[in-house]
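Asker: what follows is a predicted protein model with its sequence.
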Amino acid sequence: MLIVLLGPPGVGKGTQGELLASALGVPKIATGDVLRAAVKAGTPMGLAAKAAMERGDLVPDDVILGILRDVLASPETARGAVLDGVVRTEPQAEGLRAMLKGLNRSLDVVLLFEAPTDELVKRLSGRTTCENCQTPYTGREPGSTCDKCGGKLVRRADDDPASVRNRIQVYEKQTAPVVAWYRKNGPRVASVDSLGELAAVQARAKAALAQTAP
């Protein structure tokens, strides 16, 4: 099963994506992670990405999609994958569909994680992030130790309330057309209420997937 995750900053889609990937026995693929891995490995697409970054440019969509193609063509993703942060704009959605078609594959579902803006601002304003592995924590003070890698937790400058609201506005401006595009072109878009305990949100996400599974 191939799943795309969408959702505003602070909605928890990264954590929920990891839980879903574990439950399904497939990898979770985050754009930043595969980009860094390709650069480190010195693959052709990784070298192209490195050149763009060294020029101070954004990595082009075709390079990102090329890196993703290499990952999705590997045996590790034969049973599927959870794609997090892969699609942010309509051209990226179109590019992903064309790339998957070339692999004789297609998406099964788009999970759209949602929560009220005030809740997202509250979550992010009280969030700290590991400076090493970027794992987010809520209710943990800066300087604390990351449970995952032992790194130091820091509070990002863009997690103050005004910055959070601006990030959400940018997301909504970019992603609303993406959601509309998927609703028109497929696959099914399933909204997941992200309020409440982690386990409750995960149960809703799994129920949404169960409606898609053959």
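Answerer: Ah, there it is.
Asker: C-alpha only now, for contacts and for neighbours.
Answerer: OK.
Asker: give the other helices and strands that the lowest-mean-pLDDT helix or strand in the chain contacts.
Answerer: Least confident helix or strand, the chain: strand 136-138 with a mean of 83, by mean pLDDT, DSSP states H and E. Strand 136-138 sits against strand 127-130, with contacts defined as 3 or more C-alpha pairs under 8 Å, 6 or more residues apart in numbering; DSSP states H and E.
Asker: looking at the strand it packs on now, give me its mean pLDDT.
Answerer: The average pLDDT within strand 127-130 is 88.
Asker: distance from it to the middle of the chain?
Answerer: 17 Å (C-alpha atoms, centre = their mean, to the nearest Å).
Asker: with stretch 118-132 instead?
Answerer: Here stretch 118-132 is found 16 Å from its chain centre; the criterion is C-alpha atoms, centre = their mean.
Asker: Gly14 reaches Asp84, doesn't it?
Answerer: Yes: Gly14 lies in contact with Asp84 (C-alpha atoms under 8 Å); the separation is 6.8 Å.
Asker: grab the nearest non-local neighbour of Gly80.
Answerer: Met1 (4.4 Å; C-alpha to C-alpha, 6 or more residues apart in numbering).
Asker: same check on Val154?
Answerer: Closest residue in space to Val154, ignoring its immediate chain neighbours: Pro142 at 4.7 Å, by C-alpha to C-alpha, 6+ apart.
Asker: for the one you found, phi and psi?
Answerer: phi -60, psi 140 (degrees, to the nearest 10).
Asker: separation between it and Val192?
Answerer: To Val192, Pro142 is 30 Å away according to C-alpha to C-alpha, to the nearest Å.
Asker: what about these two, which has more around it?
Answerer: Neighbour count, other C-alpha atoms under 10 Å: between Pro142 and Val192, Val192 has more, with 21 against 16.
Asker: quick one: what helix or strand has the more buried one in it?
Answerer: Per DSSP states H and E, Val192 falls inside strand 188-193.
Asker: Arg127 contacts Tyr137, doesn't it?
Answerer: Yes: using C-alpha under 8 Å, Arg127 is in contact with Tyr137, at 5.6 Å.
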